[in-house]
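Asker: Below: sequence and its predicted model.
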Number of protein chains: 2
Amino acid sequence: MRIATNTKIEELRGGICAVPGVRAYGLRENNKGLALIEGKGKAVGMFTKNKMKAAPLIFTQRLLLETGRIGAIIANSGCANSFTGEEGMRNANRMAELASAALGIDKSEVAVASTGPIGKQLDIGMIERQVQEVAKRLTSDPEGSTAAAKAIMTTDTFPKELAIKVGDVTIGGIAKGSGMIYPHLHLATATMLAFIYTDAELDVGTMRTCLKDACDNSFNMIVVDGDMSTNDMVLLVSRGGEAISEEDFKAGLNYLCKALAKMIARDGEGATKFIEVNVSLRGAPVEDAKLIAREILRSPLVKSAIFGERIDLACGRIIAAIGSCIGTNTSSNSIEVVSMKFRGKEREVEVVRNGRILSTWNREVMKGKEIAIDIVLDVGEEEGKVEEEATATAWGCDLSCDYVMLNASML
Amino acid sequence: MRIATNTKIEELRGGICAVPGVRAYGLRENNKGLALIEGKGKAVGMFTKNKMKAAPLIFTQRLLLETGRIGAIIANSGCANSFTGEEGMRNANRMAELASAALGIDKSEVAVASTGPIGKQLDIGMIERQVQEVAKRLTSDPEGSTAAAKAIMTTDTFPKELAIKVGDVTIGGIAKGSGMIYPHLHLATATMLAFIYTDAELDVGTMRTCLKDACDNSFNMIVVDGDMSTNDMVLLVSRGGEAISEEDFKAGLNYLCKALAKMIARDGEGATKFIEVNVSLRGAPVEDAKLIAREILRSPLVKSAIFGERIDLACGRIIAAIGSCIGTNTSSNSIEVVSMKFRGKEREVEVVRNGRILSTWNREVMKGKEIAIDIVLDVGEEEGKVEEEATATAWGCDLSCDYVMLNASML
């Protein structure tokens, strides 16, 4: 994770409201929520690579390009405002107007985000009512951050928020998951949403570099189902005022994003187990290591085997998943699975050693709620072999009947 | 599908045994089956692109390279002989020796195939016993083909076989599915297995071209779960003797492979519905149309929605799946979903017209066991836009709780 180990990071209460000058609140009616966050500063964003971008993404991308500043964020759950045509664009714009009027902030500085089912128009009347209520109750107390984090939940089962202190700087964030999670975020681009605030004094270029690096090692390394959303969005707003080195800020932002990303993976739709995959790959670039770690967590067969606590079945299916994607970024034609280990909270078990599956092993390790899988791979003696050892970590969850029933709307 | 519409194709009984000179049989003990097929001729194969190739694939690829001929095929189910190291290679070789001895066929002409769990060694003692029994009962009667097709089943619920007559030429095939199905076959390369025999008089180059074309439009267009196997294999053996034009043979082979591929999709693990996706894409190459059709059928969210008969949820998720992969083979940055239609056996319903989701529709269409989804897409006015309209068809199935329970070994 390339975090400078000498950077001291301390966790705080309060989520985004731990950052001085940030006020937030949110409420829910039935399955439709609305959150408002107020806090002015320079802003950068990462948005889904999905080519079918939702209206709020188009709106907010344009805003960042034109002003590079965010004064407030208005975000709703219960409707993605995606594949909604011209009416969708008008509604995204209307959301910004409503927040602007309620908070007295220039509309050109209001970012808009949405999450929920695709292909339905927003209930803009409901949002108009909700904005008034939420604006009245904006607060810099920790409850404000939690209320906002709850308002943007869809199938999430718990709100996701965290704040940290690194040096004199505070970084706070809220996020939501929990289906259609296979983010591919890129600059000036999950339906994961994350809104991050800080008081670090940074230039926009550094913010952009740090956010991309943090997303690549956190949100972009989580897989719930392998479906890429039209609405994924991560925003970083810096209010400025506190000095920090780029290295320390990067370490802090990575820490925060990784923690929020793991919360999303842990709360994947229908998840009964949280899974961490660590890949160490000799002789191929880090992109291959990242792809392998993600593909293992994308495999319905691997995920079902882990749901069934069947380490024996999971092992072979992981091997097939590795073979299916190695060489995507290189010309590698072969790969050796040097070792594979499953770790639970209390015990661990080696299943592959020196390229051979061990004949017997203890399956008890699969009983827990958290499973780590450590894999060492070697692409062998290839021409043009990369000498370095690349490492990557991805996070995800198992595939349960509840995932199917939830998404079949049968629960 | 580019099948010459004036080629007359007639379906026959008998599977591979409909081809003169082909004898087959197979048996099962518990979950372990063995099939033998005898029938000499020029041979070509398609093998999985998975870099973690199973021992029987390495063995059979080498055989095709060295001799280009197959005299017999020995195939077992219940163990993939994959990730089994040197012992696995010795066992694949031993299988060939056993078939060679039992049938009096040169070992250099015996192809080997395996399907089942990965990472376990073969029970070669059991195979020795089974070979004797199967060899004794080899027959050119239709029962031989069916017995062989049953022997190679794993989680399949029915045997898959078909024969056709095109001109004077007979083409017969058997195949198996039904999990880890996302074949990426390429020349001189599914755990789908298919063995195809014909008496067409063809040169090896034509056989190779025709098999690649047929696989690309059939087995490579089916998706059960998106997991790519280490053992996928399609073999075509031509005994020669009957003249046919390349065009007619291609049409016949496409017909046969498409029919077998659809049987595999229909019998996908836990499947309750068979799904056909037809994509018509204006302004982008056919590779994009194929990718989009396959990605829709790979999406756990789309598949769960169809399992739940929720056309409303399926529609938005299909749109997200389209956006996630358009532009993989082009620089297309936008795409319009011009229309989307769901068709059942008796009724059909339009859900998107002229780029807009229609406000209401009848959900009855989802009740049947067979659903077709017809989608028209346009990449818009791009620079370098391809003028042609590309079309692609993919086949798959829904994602049910039974899929999860089966692969969690909880059924």
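Answerer: Looks like it arrived, so ask away. Keep in mind that what you see is a predicted model, and the values were worked out from it rather than measured.
Asker: For residue A:82, which non-adjacent residue is closest in space?
Answerer: Nearest in space to residue A:82, with sequence neighbours left out and distances taken as CB to CB, 6 or more residues apart in numbering or on different chains, is residue A:54 at 3.5 Å. (Each C-beta comes from the backbone N, C-alpha and C, glycine too.)
Asker: Pull up the distance across stretch A:105-113, start to finish.
Answerer: 17 Å (CA to CA, to the nearest Å).
Asker: Look at the residue nearest to residue A:82 and report its pLDDT.
Answerer: According to the prediction, residue A:54 has pLDDT 91.
Asker: what's around residue A:13, how many residues?
Answerer: Neighbours of residue A:13 under the rule other CB atoms under 10 Å in any protein chain shown: 13.
Asker: Test my guess that it contacts residue A:162.
Answerer: No: here residue A:13 does not reach residue A:162: they are 9.4 Å apart, not a contact under CB atoms under 8 Å.
Asker: Name the residues that touch stretch A:148-159?
Answerer: Judged by CB atoms under 8 Å, 6 or more residues apart in numbering or on different chains, the contacts made with stretch A:148-159 from elsewhere in the structure are A:15-16, A:24-28, A:31, A:33-37, A:75-78, A:113, A:115-116, A:134, A:146, A:160-161, A:174-179, A:191, A:193, A:195, A:263, A:267, A:269, A:406.
Asker: Mark which of those residues are part of strands, please.
Answerer: Where the contacts of stretch A:148-159 overlap with strands, as defined by DSSP state E, the overlap consists of A:24-28, A:33-37, A:75-77, A:113, A:115, A:160-161, A:174-176, A:193, A:195.
Asker: give me the number of residues near the residue lying closest to residue A:99 once chain neighbours are set aside?
Answerer: With CB to CB, 6+ apart as the measure, residue A:74 is the residue that lies nearest to residue A:99, at 4.0 Å, once sequence neighbours are left out. Applying the criterion other CB under 10 Å, we find 28 residues in the vicinity of residue A:74.
Asker: So which residues of the stretch 151-300 of chain A form helices?
Answerer: With helices called from DSSP state H, counting those that start in this stretch, the stretch 151-300 of chain A shows them at A:204-216, A:246-266, A:286-298, A:300-307.
Asker: Identify whichever of the ones you listed lies nearest to chain B.
Answerer: The closest approach between chain B and any of the helices of the stretch 151-300 of chain A, judged by CB to the nearest CB, belongs to helix A:300-307 at 3.5 Å.
Asker: for the next helix or strand along the chain from that closest one, what is the average pLDDT?
Answerer: Remark: after helix A:300-307, the chain's next helix or strand is helix A:311-325, criterion DSSP states H and E. In this model, helix A:311-325 has a mean pLDDT of 88.
Asker: now do stretch A:215-225
Answerer: The predicted confidence, averaged over stretch A:215-225, sits at 89.
Asker: does any part of it sit near chain B?
Answerer: Yes: Stretch A:215-225 lies within reach of chain B by CB under 8 Å from any CB of the partner chain, at residue A:225.
Asker: chain center to that stretch, what's the gap?
Answerer: A distance of 5 Å separates the centroid of the chain from that of stretch A:215-225, by CA atoms, centre = their mean, to the nearest Å.
Asker: List the buried residues in that stretch.
Answerer: Residues of stretch A:215-225 classed as buried: A:215-225 (neighbour count, 16 or more other CB atoms under 10 Å in any protein chain shown).
Asker: re earlier: could you verify my assumption that the residue nearest to residue A:82 touches residue A:122?
Answerer: No: look at residue A:54 against residue A:122 with CB under 8 Å: they stay out of range, at 10.9 Å.
Asker: These two - which one has more neighbours?
Answerer: With neighbours defined as other CB under 10 Å, residue A:54 and residue A:122 compare such that residue A:54 has more, 32 against 25.
Asker: which ones are touching the more buried one?
Answerer: Each residue near residue A:54 by CB under 8 Å, 6+ apart is listed here: A:80-84, A:88, A:114, A:118, A:230-231.
Asker: ok, of the residues you listed, which one's closest to chain B?
Answerer: When these are compared for distance to chain B (CB to the nearest CB), residue A:118 wins out at 2.8 Å.
Asker: which residue lies farthest from the center of chain A?
Answerer: residue A:359 (37.8 Å; CA atoms, centre = their mean).
Asker: what secondary structure does it sit in?
Answerer: When classified by DSSP: H, G, I helix; E, B strand; the rest coil, residue A:359 comes out as coil.
Asker: With adjacent residues omitted, what lies nearest to the closest residue to chain B within the stretch 151-300 of chain A?
Answerer: As assessed by CB to the nearest CB, chain B sits closest to residue A:228 within the stretch 151-300 of chain A, at 3.8 Å. Setting aside the residues directly before and after it, residue A:228 is nearest to residue B:324 in space (CB to CB, 6+ apart), at 3.8 Å.
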